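> give me coordinates for this.
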Amino acid sequence: MTHAVIGRWTAENNDRAFLEFHEDGTLRGSDGANGLATSWSDESAGVTVKPSMTTLKAAPGMITWVTKARRVEADGDRLALFDAAENHLGDLHRQPPGTTYKLGGR
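As a prediction, the model looks like this:
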């Protein structure tokens, strides 16, 4: 499956807050403190993020709305996130392929 959302998308002011869409329909992410592991699908309403459970840790600079996304729309290098009530939560930005990520900080 090739789709515009495939890849890693990060918050502008915290690259530890991200969503990473995989071609096999899996999705992983973080709000900067809490991990997210779920799946996504392309439905008539758009790209839908399946509900998941997450931990409830707090950290400086965390982007709490990332894990609340239930639908996303890709527009070039911008990914708009929407909650279950269709409220616009915020935007993530595409990371270039081959970017290296550090776990546990910068």
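
> so which residue is smack in the middle of the chain?
residue 19 (2.4 Å; C-alpha atoms, centre = their mean).

> quick check: phi and psi on residue 65?
The phi and psi torsions at residue 65 (degrees, to the nearest 10) take the values phi -70, psi -20.

> leaving out sequence neighbours, find the closest residue to it.
On the basis of C-beta to C-beta, 6 or more residues apart in numbering, the spatially nearest residue to residue 65 that is not a chain neighbour turns out to be residue 89, at 3.9 Å. In short, each C-beta sits where N, CA and C put it, glycine included.

> return the residues in contact with the one you found.
65, 66, 68, 69, 81, 82, 83 (C-beta atoms under 8 Å, 6 or more residues apart in numbering).

> list the beta-bridge partners for the closest residue to the second one other than its chain neighbours.
The shortest distance from residue 66 to any non-neighbouring residue, by C-beta to C-beta, 6+ apart, is to residue 31 (4.6 Å). In this entry, residue 31 is beta-bridged to residue 17, by DSSP bridges.

> pretty sure the residue nearest to the centre of the chain contacts residue 70?
No. At 11.9 Å, residue 19 and residue 70 do not qualify as touching, with contact defined as C-beta atoms under 8 Å.

> need the residues touching each of the two.
With contacts defined as C-beta under 8 Å, 6+ apart, the residues adjacent to both residue 19 and residue 70 are residue 49.

> returning to that earlier point: list the buried residues for whatever helix or strand the residue nearest to residue 65 lives in?
Using DSSP states H and E, residue 89 sits in strand 88-94. By neighbour count with 16 or more other C-beta atoms under 10 Å, strand 88-94 contains the buried residues 89, 90, 91, 92, 94.
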